[in-house]
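*Asks:* generate coordinates for the sequence data below:
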Amino acid sequence: MKFIFGLLTFVTVGLVIGSVSQLALLRKLEDSHDILLWKNDKEAETLRLKYIKPEVLSWSPRIILLHNFLSMEECDYLKAIGSPHLKRSKVVNETTGKYYKSNGRTSSGMFLKWKDRKHPMVQAIEKRISIYAQVPSENGEAIQILRYEKNQYYKAHPDYFLDTFNLKNGGQRIATMLMYIGDNVEGGETYFPWGGSSECNCGGKIVKGISVKPMKGNAVLFWSMGLNGQIDPNSRHGACEVLSGTKWSAVKWMRERPYTFHHLI
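*Replies:* Below you'll find the predicted structure:
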């Protein structure tokens, strides 16, 4: 019991420290948005310090909109390498941990392979995700490319796991970086139904919560675990129905511990 209490205390303190560090990072990035001193700085170029503008949407659940997180070239590259390999998306059974096709998720997707991750552009994106999420790169799952066509959607769901099977490799999912890599789409918002009491638009309907319109190059960073080290039910989210056009996105999930790549979906 003492060991478990000590472990929980360690996780909680780590999350608090990480949150404070992240807030300081966000403020620094906001202050540096218009500074032109980054011109010959390769590290700053990788992190897109001159372009990315963080916008805090909510602290409970923790949701941050990162304007211009990806360049147009990066968006087009991710879309190009994902397009030929798309398959019907699956969801996880909360009891068994197994994956299956569901009418609640109608998109198509694919995970980047090891050869894809060796490309300098992908490596830059993954490093950027690690820095902004304040989670080591080795704790991240492979980036998944997703396509939602007209009338497709993903019902509200958590990114954290409730089964024990999926916790064996890397532990719990603690943060998600959802990047928009396409444009000319109506609907398809990322929707957080428990993200406050205000109203928002979701697939042409006015509903309670917070929604983010998919805009090419932008990204949404949110956390599935709270500062107490416990899963956050308010982090449930969904993809609203696409009204017209095609929605393209790329998502990366970050774990508690180093993750070994062997996706089954």
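*Asks:* who does Gly109 bridge with?
*Replies:* Taking DSSP bridges as the rule, Gly109 bridges to Lys87, Leu146.
*Asks:* and it, what does it touch?
*Replies:* Contact analysis of Gly109 by CB atoms under 8 Å, 6 or more residues apart in numbering lists 82, 86-87, 89, 144-147, 265. From N, CA and C alone the C-beta is placed, and that goes for glycine too.
*Asks:* and with 6 Å instead?
*Replies:* 89, 144, 146 (CB atoms under 6 Å, 6 or more residues apart in numbering).
*Asks:* how near is the residue nearest to Phe69 when sequence neighbours are not counted to Ala239?
*Replies:* What sits nearest to Phe69 in space, not counting adjacent residues and going by CB to CB, 6 or more residues apart in numbering, is Ala219, at 3.7 Å. Ala219 sits 15 Å away from Ala239, going by CB to CB, to the nearest Å.
*Asks:* which stretches of the stretch 51-200 of the chain have low pLDDT?
*Replies:* Scanning the stretch 51-200 of the chain for pLDDT under 70 picks out no residues.
*Asks:* before we move on, back to that, the residue nearest to Phe69 - how many residues pack around it?
*Replies:* Using other CB atoms under 10 Å, Ala219 has 27 other residues around it.
*Asks:* show me what stretch 60-78 is in contact with.
*Replies:* Contacting residues not belonging to stretch 60-78 are listed as 51-57, 121, 179, 181, 216-223, 232, 234-235, 250 [CB under 6 Å, 6+ apart].
*Asks:* buried ones in it?
*Replies:* By neighbour count with 16 or more other CB atoms under 10 Å, stretch 60-78 contains the buried residues 61-66, 68-70, 74-75, 77-78.
*Asks:* and Lys127, helix, strand or coil?
*Replies:* Three-state assignment for Lys127 (DSSP: H, G, I helix; E, B strand; the rest coil): helix.
*Asks:* and it, how many residues sit next to it?
*Replies:* 14.
*Asks:* picking that back up, just put the contacts of Gly109 in CSV and tack on neighbour count and distance to Asp159.
*Replies:* Shown next, in CSV, are these (neighbours: other CB atoms under 10 Å; distance: CB to CB, whole Å):
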residue, neighbour count, distance to Asp159
Ser89, 21, 14
Gln144, 19, 12
Leu146, 24, 13
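*Asks:* now the contacts of stretch 60-78: which count as buried?
*Replies:* Among the contacts of stretch 60-78, those buried by neighbour count (16+ other CB under 10 Å) are 52, 54, 57, 179, 181, 216-223, 232, 234-235, 250.
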